[in-house]
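Q: Pasting the sequence and the predicted model now:
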Amino acid sequence: MSDEPIKKVSIIVSRGSLEGIYPGLIMANGARMEGIEANLFFTFFGLYGILTKYMNSLKVATVGNPAMRVPDAKGFPLPTWMGALPGMSAFATHMMCKEMDKLDIPPVGEFVEMISDAGGKIFACKATVDMFHLTESDFCPQLDSVLTVGEFYELSAGSQIIFT
Amino acid sequence: MSDKTINGTVVTLGEDGYMTDHSQWNRDIAAALASEEGITLTEAHWKVLDFIANDFVEKGVVPGMRRMNKVGGIPTKELYALFPDGPIKKAAKIAGYPKPASCV
């Protein structure tokens, strides 16, 4: 392997929790900021990141997350069963959004728009679109197209593929 | 660190190619740094560079994309059109400020 600079990335976003969506968005935006071509491919529950009706109300998953601490990242470990208590997810989401806002990390809708304006491409997975009975009108206006996995590989020629 | 003469003025550049002493910066140096990036500075570019300068004085860091949009009033698309392939990095370099250290 040579140390050639990365020219193109394809980032797959497969999870629909807030902490599942953001890493892909940050990596795609970061790629564009470095002059790297970026394609974002949303699949399975990751699709919620680009559905107009839901993209701005995604939540942090507090169930089954043994790393979770309260009230902040260096606080007490949250017993995993407590993650299921009503309001836990809303609380964790509120805290995370507040911290992200301090760092000028935009809300999901605004972030997707920023990436699209930066020249990043936004794609949805056809298998999931069919499975969830979605139409193009359910998606945010930044959606470039719905792709089969074959088309995704085709447009990823020469890319690094990153699965999140 | 290395010294480089631009338009007859000696400027100190860090290993990353960004200026380390803003007091050495002036508009002619900005134009020279811009042409190294293949950019000819226009009024629209200066609006961005001036915003970075004012914001740096206030905050001590190069503003990120969202701040450029919301506070500077410069849309993302315009920034990418003015400074292609890495708008904040290129603008910060031309404006004579350090390499941006933020992820967004």
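A: Cool, the structure landed. Not measured: the values here are computed from a predicted model.
Q: Around chain B, pick out the residues from chain A.
A: Counting by Cβ under 8 Å from any Cβ of the partner chain, the positions of chain A adjacent to chain B are A:26, A:29-30, A:32-35, A:103-106, A:110, A:113-114, A:117-119. Using the backbone N, CA and C atoms, a C-beta is placed for each residue, glycine as well.
Q: Drop anything exposed from those residues.
A: Neighbour counting over the residues of chain A next to chain B (16 or more other Cβ atoms under 10 Å in any protein chain shown) leaves A:26, A:29-30, A:32-33, A:35, A:104-106, A:113-114, A:117-119 as the buried ones.
Q: Reformat those residues into a markdown table and put pLDDT next to each item.
A: Shown next, in a markdown table, are those (pLDDT from 0 to 100):
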| residue | pLDDT |
| --- | --- |
| A:I26 | 97 |
| A:N29 | 97 |
| A:G30 | 96 |
| A:R32 | 96 |
| A:M33 | 95 |
| A:G35 | 94 |
| A:D104 | 92 |
| A:I105 | 95 |
| A:P106 | 96 |
| A:E113 | 97 |
| A:M114 | 97 |
| A:D117 | 97 |
| A:A118 | 96 |
| A:G119 | 96 |
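Q: Name the nearest of these relative to chain B.
A: A:G35 (3.0 Å; Cβ to the nearest Cβ).
Q: From what I see, the closest one and B:G86 are in contact.
A: Yes: in this structure, A:G35 is within contact of B:G86 by Cβ atoms under 8 Å, at 4.4 Å.
Q: quick one, what contacts the closest residue to A:D138 other than its chain neighbours?
A: Spatially, and ignoring its direct neighbours in sequence, A:D138 is nearest to A:L51 (5.4 Å; Cβ to Cβ, 6 or more residues apart in numbering or on different chains). Contact analysis of A:L51 by Cβ atoms under 8 Å, 6 or more residues apart in numbering or on different chains lists A:134, A:138-140.
Q: again with A:G30
A: B:103-104.
Q: wait, is it part of a helix?
A: Yes: with DSSP: H, G, I helix; E, B strand; the rest coil as the criterion, A:G30 is part of a helix.
Q: circling back to that earlier point, highest neighbour count among the contacts of A:L51?
A: Of all the contacts of A:L51, the most densely surrounded is A:F139 (22 neighbours; neighbours counted as other Cβ atoms under 10 Å in any protein chain shown).
Q: so how many other residues sit close to B:A95?
A: Neighbours of B:A95 (other Cβ under 10 Å): 24.
Q: how much space between the nearest residue to A:G83 once chain neighbours are set aside and A:M68?
A: The shortest distance from A:G83 to any non-neighbouring residue, by Cβ to Cβ, 6+ apart, is to A:T62 (3.7 Å). Going from A:T62 to A:M68 by Cβ to Cβ, to the nearest Å gives 6 Å.
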